[in-house]
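Participant: would you be able to build a 3D model of this:
(3 chains)
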Amino acid sequence: MDRRGETEAFAELVYALIREIPKGRVTSYGAIARALGRPSSSRLVGRILGRGSHASPPVPAHRVVNSAGVLSGREAFSGAQTMQTLLEEEGIVVRNNKIANFNRVFWDPLHEL
DNA sequence: GGCGTGACTATGG
DNA sequence: ACCATAGCCACGC
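Facilitator: Next up, the predicted model:
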């Protein structure tokens, strides 16, 4: 299996895990990487989502933010529905591109899955 | 193979 | 809370 295949396989695991995030909860790139056994690949997680993650069923990528609770990927959500809008529709409070109640809505797959 | 870049993270001042 | 540094890993030039 070449590097390309490994990355694609990892991407599928990332999508699968993100689909498990409960509505109204969020997690971080690092938490996902750690849950999949690759603690040092947090940047790769973000990269995977950035490359137009067209998977089916669709992946709720808006529920993934960085470790500080900042919507670092909002630029990728071009359209009527912004990342912030999607989160607010689930009851998450966003202020200045940052999740206000981050500690309460954070979902750690290692501890809650 | 080098070098810059980025939806990252942890740590220290 | 803000900024700088240093690891990190895959990608594109």
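Participant: only C-alpha atoms for contact and neighbour calcs from this point on.
Facilitator: Fine.
Participant: could you give the bridge partners of the most centrally placed residue in chain A?
Facilitator: Most central in chain A under C-alpha atoms, centre = their mean is residue A:64, positioned 2.4 Å from the mean C-alpha point. Note on residue A:64: beta-bridge partners residue A:27, judged by DSSP bridges.
Participant: surely it touches residue A:26?
Facilitator: Yes: with contacts counted by C-alpha atoms under 8 Å, residue A:64 reaches residue A:26, the gap being 5.7 Å.
Participant: now the helix or strand where residue A:45 lies: average pLDDT?
Facilitator: Element membership of residue A:45 [criterion: DSSP states H and E] is helix A:42-50. For helix A:42-50, mean pLDDT rounds to 93.
Participant: which residues touch residue A:42?
Facilitator: A:29, A:30, A:31, A:32, A:33 (C-alpha atoms under 8 Å, 6 or more residues apart in numbering).
Participant: what's the closest non-adjacent residue to the third one?
Facilitator: Going back to what we said before, that points to residue A:31. Leaving aside its sequence neighbours, residue A:31 sits nearest to residue A:108 (C-alpha to C-alpha, 6 or more residues apart in numbering; 6.3 Å).
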